[in-house]
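**Q** model this:
(chains A and B)
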Amino acid sequence: MREYTPKDDVQKKAYYTDRFYVSPQVPKSPVESDEVFAADLAAIKAKFEVTDAYIQVEQMVVFIKPEDNFGVLELMKEELEYTQLSELSAIDWIAKENRFEIFYQMLSMNKRKRIRVKMFIENGQAVNSVEKLFRSADWSEREMFDMFGIEANGHPFMKRILMPYDWQGSPLLKTYPLQGDEFAAWYEVDKIYGKESRDIIGPEIRDTARVDRYDSQRFARLGHEVPKGTKITGNEPKNEQNYQEDGGVFMVKKFDKKDSVVIDDPQR
Amino acid sequence: MAQVKNRLNPFFENITFDREDNEMILNFGPQHPSAHGQLRLMLHLQQEQITKAHPDIGYLHRGMEKMAENMIYNEFMPTTDRMDYIASSSNNYGFALAVEKLVGLEVPRRAKVIRMMLLEINRLMSHLFWLATTALDIGAMTVFLFAFREREYLMDIIEGYCGARLTHAAIRIGGVPLDIQDSFITQLRVFLDKLPQNIKDYEDLLNTNRIWLMRMEEVGIVSTEMALSWGCTGPMLRASGVQWDIRKEEPYELYDEVEFNVPWSDKGDNFARYRIYMEEMRESAKILYQTITMYQKCVKDGQTELMAHSPKYISAPKLDIMTQNYSLMQHFVLVTQGMRPPVGEVYVATESPKGELGFYINSQGGPYPYRLKLRAPSFWHTGILTDLLPGHYIPDVVSIIGTTNIVFGEVDR
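**A** So this is what the prediction gives:
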């Protein structure tokens, strides 16, 4: 029987992990250890529900309810001086928990502090757009929609941004293969030449390391070249290729210390 | 080969005339030479004035975030070169620092000094490139030739260090792979000694130039609110009245030990941005002089370490690998399987020549990042064109795109 491979996460996996390997954790410290963060968290907690909060690598992480995202960001911008939304994106946890994690990376220039506001949404759920607060969310929410298919309610122009408008599929989902799916393989052929040319042109090959032994027109037989246009029947003439120097490889037969250079500095 | 008929209509697809309200829609790019890459702008025009601008990006999208999820950490390093390919060591550094923070590595001092040298050389290269291309777009061919000449010297120095001119991959997670070559400091000094005169030459050509001033002064004004709201960083933000430089405010490496100023302006127009780029070049030169002294002190103190010592994550020095069995085994595992950082996440921002370059890494303890988000400054500096261009005239478009200093490897990633 063939080994079962999960279809819900087709990203590359470690091919070997020690049975007894326990991965360490990046240390988390309580919010109380930093005065500024503690005050900010208290201000957020006074108005909104906070499910979890901690400090990790000098930045506070706050988990909120997905329906509060606009309110929390508004509070942070208007009252807590977090004037810039540096980044906004999602993490795909569909394979494990059937949900997405969304993070908003906030920056306060007056306090010199960064907070990451996070929330979980169900697969298929939309988020509230924060574009009214931060114009930068205009493009990042479009990117999130493009890459994960997460829609933002109230966004003025919810269209794909990096991929073509008529693209199908969300490239950053864990179910989407790195080389692209069936749609991706035929996209350009269909668009430029039409579906009827599929048989003539063939699908787009995205595997750069592919070797096609029957193709003697292009570079597909790299390392096994034959004259251009040779019909490959299986018994094609072998092309002798020698990459070695004339007279064989240079070998040190007798080590002569006098003529050699001793490297003292190991960094050199 | 025979001609194959295709479905793309090549004729007049770029221009639409709408007779009803006299509005013209002009397609600027994606192959426009002054769009600094693959930028397509759809401009709605009333006569020569822009009423609506719609930047369309994605022509250079390679899916780097997806690629990162399928690569071990060290494997991803050369890919970061292809983001901001004008100053690729800055990208290498941003990624290396993020992983180091995630893992908790302490980089040796000598490596830190070399990294700072590389970063500032990259900043100079990027700013010189910016000056050259922007001046060329506006028609100043001489400045283009001058600035490219100086950039060439820097690229030679970098080439001597890492063998590449554009895609350096000169920084490793945990340090730097090599010490600087013997001629590095001499060459750098020669360059730095000439730089003030060179910058003065550019300024003499541009500062009072009528055409330059027409395209720069009072054109493309970005207000402070707009810059903050659009997530602008770097020179774009500093030209709009916010004195914010991550090197100064959240110092990394040894930036807290060197002395430099952060130039800023409250004008917000193209000219302010131009002046900031010029001043930043002078500040970078100042930092480079100081790093030379710091490097020489490292040599004198006998600090030869270039990579962090952390056998679990970083390969041992070459000497150990070649002589000690266990180091060789660890090196083999780290190269074939990759390091496995602890479970957790990190967002690290560095000041790249274009602005805040951030790497968000979510690690689940595996050798591949679970999620990696690249926060590239140019992405938002392109987005701001939506709000910045309306009201301006066609000839200003090129100068505004020029001063935003966008690079499409970084916008599309």
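
**Q** rest of the way, CA atoms for contacts and neighbours
**A** OK.

**Q** confirm B:F271 sits in a strand?
**A** No: with DSSP: H, G, I helix; E, B strand; the rest coil as the criterion, B:F271 is located in helix rather than a strand.

**Q** which ones are touching the spatially closest residue to it that is not a sequence neighbour?
**A** Leaving out its chain neighbours, the residue that sits closest to B:F271 by CA to CA, 6 or more residues apart in numbering or on different chains is B:M216, at 4.7 Å. Taking CA atoms under 8 Å, 6 or more residues apart in numbering or on different chains, we find B:M216 in contact with B:D269, B:N270, B:F271, B:S399.

**Q** just the helices in the stretch 51-200 of chain A please.
**A** In the stretch 51-200 of chain A, the helices defined using DSSP state H, counting those that start in this stretch lie at A:69-78, A:94-97, A:136-148, A:182-192, A:198-201.

**Q** looking at those helices, which is buried most?
**A** Of the helices of the stretch 51-200 of chain A, the one with the most neighbours on average (mean count of other CA atoms under 10 Å in any protein chain shown) is helix A:136-148, at a mean of 23.

**Q** so where is the chain shaky, pLDDT-wise?
**A** Defaulting to chain A. A:220, A:222-223, A:236-248, A:265-268 (pLDDT under 70).

**Q** wrong one, I was asking about chain B
**A** Applying pLDDT under 70 to chain B picks out residues B:1-21.

**Q** the residue lying closest to B:S88 once chain neighbours are set aside: how many residues sit nearby?
**A** Take B:S88 and drop its neighbours on the chain: the residue closest to it by CA to CA, 6+ apart is B:D81, 4.6 Å away. Residues contacting B:D81 under the criterion other CA atoms under 10 Å in any protein chain shown number 24.

**Q** what packs against the host helix or strand of B:A285?
**A** Using DSSP states H and E, B:A285 sits in helix B:270-300. Judged by 3 or more CA pairs under 8 Å, 6 or more residues apart in numbering or on different chains; DSSP states H and E, the packing partners of helix B:270-300 are helix B:109-138, helix B:183-206, helix B:210-216, helix B:235-238, helix B:394-404.

**Q** which parts of the third one are buried?
**A** Right, helix B:210-216. Neighbour counts using 16 or more other CA atoms under 10 Å in any protein chain shown place B:W212, B:R215, B:M216 of helix B:210-216 among the buried residues.

**Q** isn't the second one right up against B:I401?
**A** No: in this structure B:R215 lies outside contact range of B:I401 using CA atoms under 8 Å: 11.6 Å.

**Q** B:W212 contacts B:T134, doesn't it?
**A** No: applying CA under 8 Å, one finds B:W212 not in contact with B:T134, separated by 10.2 Å.

**Q** compile the helices of the stretch 51-200 of chain A into JSON lines and extend it with columns for distance to B:P367.
**A** Output for the helices of the stretch 51-200 of chain A, formatted as JSON lines (distance: least, CA to CA, whole Å):
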{"stretch": "helix A:69-78", "distance to B:P367": "33"}
{"stretch": "helix A:94-97", "distance to B:P367": "19"}
{"stretch": "helix A:136-148", "distance to B:P367": "23"}
{"stretch": "helix A:182-192", "distance to B:P367": "28"}
{"stretch": "helix A:198-201", "distance to B:P367": "38"}
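
**Q** name the SS class of the nearest residue to B:A376 once chain neighbours are set aside, please.
**A** Once flanking residues are discounted, B:A376 sits nearest to B:L357: 5.2 Å by CA to CA, 6+ apart. Put simply, B:L357 is strand when judged by three-state DSSP.
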